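Colleague: Pasting the sequence and the predicted coordinates here, then a few questions.
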Protein chains: 2
Amino acid sequence: MTTGHVFIATSLDGYIARKDHTIDWLESQGTTIEEHGYTQFIDSVDGIIFGRKTYEVVFNLTSGEWPYTKPVIVLSRTLTQSDIPLHLNDKVTVTNQRPVDLLKTVDQQGWKRAYIDGGTTIQSFLSEGLIQNLIITTLPVLIGEGIPLFGKTSEDIHLELISSQQFPSGLLQSHYRVLYSEN
Amino acid sequence: MTTGHVFIATSLDGYIARKDHTIDWLESQGTTIEEHGYTQFIDSVDGIIFGRKTYEVVFNLTSGEWPYTKPVIVLSRTLTQSDIPLHLNDKVTVTNQRPVDLLKTVDQQGWKRAYIDGGTTIQSFLSEGLIQNLIITTLPVLIGEGIPLFGKTSEDIHLELISSQQFPSGLLQSHYRVLYSEN
């Protein structure tokens, strides 16, 4: 089945955005002048899956200048396809499928690797054993509160540290593989 | 004045202990067979400062077999010196001083470097600009909930990544210097 992959930046205290979804603290870190492997990562996936909130943030941030060339699937229980602007209709699909069912669906469409993004979406895919690995880029800043990358889990989730890399700007990128139990 | 230093292990989701203060998830990671620099760190400090909860955890864990040879100061608004068992009376001092006042006190006693430990204590010293650097050892496990290393801050706290090191067991140790603003 299609595998889930995470590529995300967090503050040292584990937030992916402030409570109001802003990422000014991320942009102020000189992250734009370094290459942190995003291009290589995005080239390696067949499509992107995130929730309604991430969709709205991306849409508003880019003022309709959609940043993705790969297909995007938005998980939502409230949005429908008719909420997507016409010019994005061939790029963005809305679904209310559960994570495992959605991966089965995109598997049938030929996706081998899905980019899973957004705190809530990452957490639900992780809990259901659907994330194969995570590339986490930690910024050297404490923002105190915000939207956390990780959330509650029904049990401990063990991972394997594959590699880590320190960038001149002070970013620390770590690559983890998720070790799910067999039961 | 005496500088504050942190040396601590966290889960990948940023917890230093479970809610009940247990650290079984830490002990199961083969951390005891590797040298992660603790000996060198503890040799570099003149004493240790932590809160009542950490004191109780350490005391109960070790059944009175006190693990520290350096002086320990316990920050508490409820404990007094008479709560400390007699055999620890020359090793453990209870105080209700505020962090900055306490560092002035130990400075007068000749401390150059203080080991600041425990979530609440670390957070209050960080907020008051009293931590010089942190050595954080991240374990490759998500425990879902617990006692967080970091807490709310009145403003962003910027740090500098000094170095990072990956251990064979999968632990990732990162060394940060805190960059406080001048105001």
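Modeller: Here it is on my side, so go on.

Colleague: I'd like to know how many residues surround A:L139.
Modeller: Applying other CB atoms under 10 Å in any protein chain shown, we find 26 other residues in the vicinity of A:L139. Where you see a C-beta, it was placed from the backbone N, CA and C, and this is true even at glycine.

Colleague: ok, it - contacts?
Modeller: Residues in contact with A:L139, defined by CB atoms under 8 Å, 6 or more residues apart in numbering or on different chains, are A:A9, A:T10, A:S11, A:L12, A:W25, A:L26, A:Q29, A:T31, A:G170, A:L171.

Colleague: Test my guess that the first one contacts A:L26.
Modeller: Just to be clear, that refers to A:A9. Yes. Counting by CB atoms under 8 Å, A:A9 touches A:L26, with 5.6 Å between them.

Colleague: returning to what we had before: from the contacts of A:L139, list the ones also adjacent to chain B.
Modeller: Among those, the ones lying near chain B by CB under 8 Å from any CB of the partner chain are A:L12, A:W25, A:G170, A:L171.

Colleague: Secondary structure class of A:V106, three-state.
Modeller: The local conformation at A:V106, judged by DSSP: H, G, I helix; E, B strand; the rest coil, is helix.

Colleague: Find the residue closest to the residue nearest in space to the middle of chain A in space, skipping its chain neighbours.
Modeller: The central residue of chain A, meaning the one whose C-alpha is nearest the mean C-alpha position (CA atoms, centre = their mean), is A:D117 at 1.6 Å. Once flanking residues are discounted, A:D117 sits nearest to A:F50: 4.2 Å by CB to CB, 6 or more residues apart in numbering or on different chains.

Colleague: Which pLDDT value goes with A:W25?
Modeller: We note a pLDDT of 89 for A:W25 in this prediction.

Colleague: Wasn't it part of a helix?
Modeller: Yes. Judged by three-state DSSP, A:W25 forms part of a helix.

Colleague: Look at it and say how many residues are nearby.
Modeller: Burial of A:W25 is recorded as 19 neighbouring residues (other CB under 10 Å).

Colleague: now swap in the one 3 residues further on and tell me
Modeller: With neighbours defined by other CB under 10 Å, the count for A:S28 comes to 12.

Colleague: Return the distance of it relative to A:T2.
Modeller: Look at A:S28 and A:T2: by CB to CB, to the nearest Å, they are 35 Å apart.

Colleague: now A:Q97
Modeller: Separation of A:Q97 from A:T2 (CB to CB) stands at 13 Å.

Colleague: So for these two, which sits in the more crowded spot?
Modeller: When A:Q97 is set against A:T2 and neighbours are counted by other CB under 10 Å, the residue ahead is A:T2, at 23 against 13.

Colleague: what's near enough to touch the more buried one?
Modeller: With contact taken as CB under 8 Å, 6+ apart, A:T2 is in contact with A:D46, A:L103, A:V106, A:D107, A:W111, A:K112, A:R113, A:A114.

Colleague: wait, the third one sits on A:K112?
Modeller: It refers to A:V106. No. Applying CB under 8 Å, one finds A:V106 not in contact with A:K112, separated by 9.4 Å.

Colleague: out of these two, which sits in the more crowded spot?
Modeller: The residue with more neighbours, out of A:V106 and A:K112, is A:V106; 22 against 13, by other CB under 10 Å.

Colleague: Show me what A:L75 is bridged to.
Modeller: A:L75 has these beta-bridge partners by DSSP bridges: A:G51, A:T95.

Colleague: Please give the element, helix or strand, for A:T39.
Modeller: With elements taken from DSSP states H and E, the one containing A:T39 is helix A:38-44.

Colleague: quick one: contacts of that helix?
Modeller: Judged by CB under 8 Å, 6+ apart, the contacts made with helix A:38-44 from elsewhere in the structure are A:H5, A:F7, A:K70, A:R113, A:Y115, A:I135.
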